[in-house]
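Engineer: Give me the fold of what follows.
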Amino acid sequence: MIIKMQRLVGIFLKVGTILSTLSFIISTLIQIYGRFFMEKAPSWTEEAARLFFVFAIAFSSGLAMKGNFYVSFDFIFKKITAEWQTRIKKITYIFVIILCTIIVAYGLLLVQAGWQEQSPSMKFPMAIAFMSIPLLGFAIAFYAFIKMIKIFKTKKE
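Structural biologist: Numbers count the residues shown, from 1 in each chain. Alright, predicted model coming up:
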């Protein structure tokens with residue numbers, strides 16, 4: 001079941017990353033076109049590009065955790081024993097999960113409050129933009145949890 005859920009979350013995050021990145025590019029191109037070839041560039045494109053960029057980061061954050069693409073300073077880490085490396089990884093993933101769970105919880109409160117606020121130029125509820133916060137927290141926590149499970153399983157076998 002975890003493998004199926006991992007696959008579904010991975011597909012969701014990949015599709016979200018691709019769609020939000022493409023939307024970011026398209027809205028930016030519309031803005032560039034508007035500045036050069038129109039009297040006045042559409043005002044919504046700047047806000048849309050910013051929103052799509054934020055969602056591209058939120059969607060891709062979990063994929064970065066999954067693929068070990070975050071920056072790490074391992075020059076000291078590689079000099080310690082494998083046992084200590086495993087301990088440090090466990091502690092790190094536990095703290096990442098705790099932090100991201102807090103981010104999700106408070107992000108959901110922000111989303112709830114954001115339904116009453118409108119974006120400046122596009123006039124959609126800010127809750128939509130704020131949904132990127134719990135999404136980012138969930139995505140990172142999910143893959144940190146998967147990595148932590150693998151570490152604990154490897155040690156027992």
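Engineer: Which helix or strand in this protein has the lowest average pLDDT?
Structural biologist: Every helix and strand in the chain was compared by mean pLDDT, DSSP states H and E; the lowest is helix 132-156, with a mean of 92.
Engineer: Touching it from outside, list them.
Structural biologist: For helix 132-156, the external contacting residues (CB atoms under 8 Å, 6 or more residues apart in numbering) are 2, 6, 9, 13, 54-55, 57-59, 61-63, 65-66, 86, 89-90, 93-94, 96-97, 100-104, 106-108, 110-111. The C-beta positions use only the backbone N, C-alpha and C, and glycine is treated the same way.
Engineer: do stretch 69-76 as well
Structural biologist: Counting by CB under 8 Å, 6+ apart, stretch 69-76 makes contact with 63-64, all of which sit outside it.
Engineer: how about it: buried residues?
Structural biologist: Of the residues in stretch 69-76, none has enough neighbours to count as buried (16 or more other CB atoms under 10 Å).
Engineer: how about that stretch as PDB, C-alpha atoms only?
Structural biologist: The C-alpha trace of stretch 69-76 is given here as PDB (Å, rounded to 0.1, in the frame of the first residue of the first chain):
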ATOM      1  CA  PHE A  69      18.700  16.900  -4.600                       C
ATOM      2  CA  TYR A  70      18.900  19.200  -1.500                       C
ATOM      3  CA  VAL A  71      22.300  20.700  -0.700                       C
ATOM      4  CA  SER A  72      24.200  18.700   1.900                       C
ATOM      5  CA  PHE A  73      27.600  19.300   3.400                       C
ATOM      6  CA  ASP A  74      28.900  15.800   3.700                       C
ATOM      7  CA  PHE A  75      32.700  16.300   4.000                       C
ATOM      8  CA  ILE A  76      32.400  15.700   7.800                       C
END
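Engineer: for the record, mean pLDDT for that stretch?
Structural biologist: For stretch 69-76, the mean pLDDT works out to 84.
Engineer: May I see the buried residues of stretch 8-28?
Structural biologist: Within stretch 8-28, the residues that count as buried by 16+ other CB under 10 Å are 9-10, 13, 16-17, 20-21, 23-24, 27-28.
Engineer: coming back round to it: buried ones among the contacts of helix 132-156?
Structural biologist: When these are checked for burial by 16+ other CB under 10 Å, the buried set is 9, 13, 54-55, 57-59, 61-63, 65-66, 93, 96-97, 100, 103-104, 107-108, 111.
Engineer: That concludes my questions; thank you for your assistance.
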